[in-house]
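Student: Could you work out the structure for the sequence below:
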Amino acid sequence: MKINFTQTYRLWFLLTSTSVLGLLITYFMGYDPIANVWIISYHNIHTMFTGMLLAAVLTRLYMAINKINPVPLMHLIRAKSFLGVLIALAYISMCSVLLITLGTEFYFLLTPKEEHALSVYTLRNFSQLIFAIMIFVHVLYVLYVNLIKKRDSLRNLLLASDADNKTS
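Tutor: Take a look at the predicted model:
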């Protein structure tokens with residue numbers, strides 16, 4: 001069976017982005033920390049997004065086991081420029097925050113509401129802020145690769161083909 005990296009990576013990125021943004025939105029719209037209650041429909045949707053996050057983590061684990069994409073630390077070791085190091089650190093942060101978010105979400109689902117610790121809320125909310133920043137860095141990197149790097153390679157290809165026409 002042939003595994004397509006691009007499709008698997010897109011699946012992971014789509015599951016990750018959708019689940020974390022969904023968790024963030026449903027939490028702030030459906031939970032009242034003062035009354036310590038959930039609006040039932042938002043709690044059910046929030047649980048669904050937690051399942052999506054678990055699917056994203058399992059997809060990433062599948063990618064690492066099948067060597068589709070090296071583990072995040074390998075990106076840092078192989079980085080050759082400052083931008084590469086920045087992207088590798090962003091990738092490591094994204095994967096770490098995914099695990100933190102998944103752990104805190106399962107903690108919230110499995111413990112009674114009265115036992116929620118303030119530190120778990122703080123950790124969860126702070127980690128999702130970091131994740132949003134890392135998604136932004138990732139989008140900037142994709143734009144950089146597609147608009148700057150590929151444009152220059154296309155320009156060089158056109159210049160090379162123009163040079164071939166002049167010599168003929």
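Student: What strand or helix carries the closest residue to residue 17 other than its chain neighbours?
Tutor: Using Cβ to Cβ, 6 or more residues apart in numbering and skipping residues adjacent in sequence, the residue nearest residue 17 is residue 135, 6.2 Å away. Using the backbone N, CA and C atoms, a C-beta is placed for each residue, glycine as well. Residue 135 is located in helix 118-144, with elements delineated by DSSP states H and E.
Student: report the longest helix in the protein, please.
Tutor: Counting by DSSP state H, the longest helix found in the chain is helix 82-110.
Student: Can you mark which positions in that one are buried?
Tutor: Buried residues in helix 82-110, counting neighbours by 16 or more other Cβ atoms under 10 Å, are found at 87-95, 97-98, 100-102, 104-105, 108.
Student: okay, the angle between whatever helix or strand residue 29 lives in and helix 118-144?
Tutor: Assigned by DSSP H and E, residue 29 belongs to helix 5-30. For helix 5-30 against helix 118-144, the angle by axes from the mean of the first three to the mean of the last three Cα atoms, to 10 degrees is 140 degrees.
Student: Tell me which other helices or strands helix 5-30 touches.
Tutor: helix 40-65, helix 82-110, helix 118-144 (3 or more Cβ pairs under 8 Å, 6 or more residues apart in numbering; DSSP states H and E).
Student: From the contact counts, what lies against the longest one?
Tutor: Looking back up the chat, that one is helix 82-110. Counting contacts by 3+ Cβ pairs under 8 Å, 6+ apart, helix 82-110 is packed against helix 5-30, helix 40-65, helix 72-78, helix 118-144.
Student: Quickly, which of these bottoms out on average pLDDT?
Tutor: Ranked by mean pLDDT, these bottom out at helix 72-78, which scores a mean of 68.
Student: how close does the nearest residue to residue 104 once chain neighbours are set aside get to residue 136?
Tutor: Excluding the flanking residues, the one nearest residue 104 by Cβ to Cβ, 6+ apart is residue 124, at 4.0 Å. Distance of residue 124 to residue 136, given as Cβ to Cβ, to the nearest Å: 19 Å.
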